[in-house]
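Chemist: Based on what follows, work out the 3D shape:
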Amino acid sequence: MNRIGMIVLIAAAVFAPCALARHPAYLHARSDLRTARAFLRVTEEPNVTRNLREAEREVNEALREVNRAAYMDGKNMEAEPPVDTSLDRRGRFHRIMALLRSARSDVDQEEDNPEARGWRNAALRHIDIAIDFVRQAARDLHWDRDMGF
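Modeler: Residues are numbered from 1 along each chain as shown. Next comes the predicted model:
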């Protein structure tokens, strides 16, 4: 093989996977998870707060996994957009769910990097558990209101 052919093969091996690879929108998911976490930190009645703290713990775990997967995909990890948490109680619960669903959708995309797949899958599990805890917190809040607390 001549010198030019060798250079073309090396260039194809190095640059083709980068150009063709599709990766989940990890940075957008990170932003959504960070915003959801900020909304989860507001104190409620003890039974509601307990579920929100568990959801926050799962969001933190999901963030850890998303960060690992994003790093493996070569994403710019310096981006930390500010978090706006100015919502009322009812709007906050709706926004948390929307953010978690959006983050899940962003993470649940095709992952061509086999080293990142495990972290992506773990992040999805943590997001699903966080959603379950937020649902339970919302149910508890609803019951508290109905009971006059």
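
Chemist: give me the number of residues near D146?
Modeler: 8 (other Cβ atoms under 10 Å). Placement of C-beta: from N, CA and C, glycine included.

Chemist: Which stretches in the chain count as helices?
Modeler: In the chain, the helices defined using DSSP state H lie at 3-20, 26-40, 46-72, 89-107, 114-147.

Chemist: Tell me which of these lies nearest to E78.
Modeler: Ranking the helices of the chain by distance to E78, with Cβ to Cβ as the measure, places helix 26-40 first at 10.2 Å.

Chemist: which parts of that closest one are buried?
Modeler: Within helix 26-40, the residues scored as buried using 16 or more other Cβ atoms under 10 Å are 26-27, 29-40.

Chemist: isn't I131 right next to M97, touching?
Modeler: Yes: with contact defined as Cβ atoms under 8 Å, I131 counts as touching M97 (6.9 Å).

Chemist: who has more neighbours, the two?
Modeler: With neighbours defined as other Cβ under 10 Å, I131 and M97 compare such that I131 has more, 20 against 17.

Chemist: Look up how far V42 lies from the more buried one.
Modeler: Relative to V42, I131 is positioned 18 Å away (Cβ to Cβ, to the nearest Å).
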